[in-house]
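>>> Here is a sequence with its predicted model. Questions after.
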Amino acid sequence: MAAPRILLFADCGPTVGGGHVMRCLTLARALAERGAACAFVAPPMVRGLIETFGPGAIETLDTPDATVEQVRALANAYRPDWLVIDHYRLTLADERALRAPGRRLMVMDDLADRPRDCDLLLDPGYGRVAEDYRGLVPEGAQVLAGPSYALVRPEFAAARPQALAARQGSVRRVLLSLGLTDVGGITCRVVQALLPTLGDVQLDIALGSAAPSLEALAAMTDPHLTLHVDAPDMARLMCEADIAIGAGGSSTWERACLGLPAVTVILAENQRDLALRMQADGLTVAVEAEDSLEAALIQAFARLEGNDALRAAMSARLGVLCDGLGAQRTAGSMIELR
């Protein structure tokens, strides 16, 4: 049997961030390990992320701005067995327009609030179950739900035993990572708010080379700050951290895999429900990225830093939530459904 062909279509942009592309790269890596041939629909920003973070040679199909018409033309030429859609701004009509004989559709979701046209749906949300999509996906579609299907890079699963064993003691290092694209320059705002409260705590700041905050942060000379630009070793940085300040997207599951307690900054509407549900169950401390961010962040950080028991309990709960093997499970389901 010929190797399955997979075409991945991920949203990306200054206001969207790069998380969709990063988790699709993780899925592509797991699929390639099973013999699949993978390619990405690649407008310029997607191509840039793939060139920086792609695991080895990833085929890219260039397109100016990835309209549905352009993607349909690329798919018709590439003839994939699967089209993977990680793009929340598409409509049901758009998804139907991307169907074709012999082509299966996989979509990613985390809201369960609208119909989707797919053969396979992935929603790794906390507390999510397949039943949440009853009536929202076609009869017979498979739903992979819950954090056990979170698309986490294999280096996090590999680092997991060491990280979980080290989650104790006082706070010495904090990792700040609010997305490669640093939507709205949020990273600089957070650093300026936290800096007076850090004391001797070291702050590692991870962001992308095109981040709006980069220039201002690079000009800071405080010895407690270390910049990591387009960091290839996020698993190591998370292992070394005692607390993280992170966004509520796919990095949630990287932190969970390593049992890393965090203040979660809600940067997008689709992150709110997840972050608040996890906070209610003692899995994070959540703050909104709004005008009062600075005051709320300082309060949340102080609460987490100053309470060893809270951090220990949070780490233990996170450690059983996600084992980092979701990409392998998802890739296996796709190969079986082919």
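Perfect, I can see it now. Residues are numbered from 1 along each chain as shown.

>>> C-alpha from now on. contacts and neighbour counts both.
Noted.

>>> can you pull out the helices in this structure?
Remark: helices assigned in the chain by DSSP state H are 19-33, 44-53, 68-78, 92-97, 154-165, 186-194, 214-218, 234-240, 251-257, 269-280, 293-305, 308-319, 326-337.

>>> Could you check how many residues crowd around Leu237?
When neighbours are counted by other CA atoms under 10 Å, Leu237 registers 20.

>>> Now do the same contact list for Thr181.
Counting by CA atoms under 8 Å, 6 or more residues apart in numbering, Thr181 touches 13-14, 17-18, 207-208, 210-212.

>>> State the pLDDT value of the closest residue in space to Pro44 that isn't next to it in sequence.
Distances taken as CA to CA, 6 or more residues apart in numbering put Pro64 closest to Pro44, at 7.1 Å, once the chain neighbours are dropped. Looking at Pro64, its pLDDT stands at 93.

>>> Kindly report the same for Ala268.
Ala268 is assigned a pLDDT of 84 by the prediction.

>>> Ramachandran coordinates for it?
phi -150, psi 160 (degrees, to the nearest 10).

>>> now it: how far from Leu61?
28 Å (CA to CA, to the nearest Å).

>>> hang on, the earlier thing: now tabulate the helices of the chain in TSV and tack on distance to Val137.
Below are these laid out as TSV (distance: least, CA to CA, whole Å):
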stretch	distance to Val137
helix 19-33	21
helix 44-53	28
helix 68-78	20
helix 92-97	10
helix 154-165	30
helix 186-194	36
helix 214-218	42
helix 234-240	35
helix 251-257	25
helix 269-280	19
helix 293-305	37
helix 308-319	30
helix 326-337	16
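
>>> Pick the most deeply packed of the ones you listed.
Burial of the helices of the chain is given as mean neighbour count (mean count of other CA atoms under 10 Å); helix 251-257 ranks first at a mean of 26.

>>> Can you list the helices and strands that that one packs against?
Applying 3 or more CA pairs under 8 Å, 6 or more residues apart in numbering; DSSP states H and E, one finds that helix 251-257 makes contact with helix 154-165, helix 308-319.

>>> does Tyr149 really touch Leu325, like I thought?
Yes: using CA atoms under 8 Å, Tyr149 and Leu325 qualify as a contacting pair, with a distance of 7.2 Å.

>>> before we move on, back to that, which ones among the contacts of Thr181 lie within strands?
Leu207 (DSSP state E).

>>> And the contacts of Thr181, which is closest to Leu310?
Closest approach to Leu310 among those (CA to CA): Leu207, at 27.6 Å.

>>> Run through the residues that contact the spatially closest residue to that closest one that is not a sequence neighbour.
Leaving aside its chain neighbours, Leu207 sits nearest to Leu180 (4.7 Å; criterion: CA to CA, 6+ apart). Shown in contact with Leu180 (CA under 8 Å, 6+ apart): 17-18, 206-211, 230.

>>> before we move on, the earlier item: just put the helices and strands packed on helix 251-257 in TSV and tack on mean pLDDT and distance to Ile50.
Formatted as TSV, the helices and strands packed on helix 251-257 follow (pLDDT from 0 to 100; distance: least, CA to CA, whole Å):
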stretch	mean pLDDT	distance to Ile50
helix 154-165	95	17
helix 308-319	95	29
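
>>> I'd like those written out as TSV, with distance to Leu217 added.
Listed next are the helices and strands packed on helix 251-257 as TSV, based on distance: least, CA to CA, whole Å:
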stretch	distance to Leu217
helix 154-165	27
helix 308-319	28
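
>>> Arg338 is nearest to which of those?
helix 154-165 (23.7 Å).

>>> Show me what the closest one is packed up against.
When contacts are defined as 3+ CA pairs under 8 Å, 6+ apart, helix 154-165 packs onto helix 234-240, helix 251-257.
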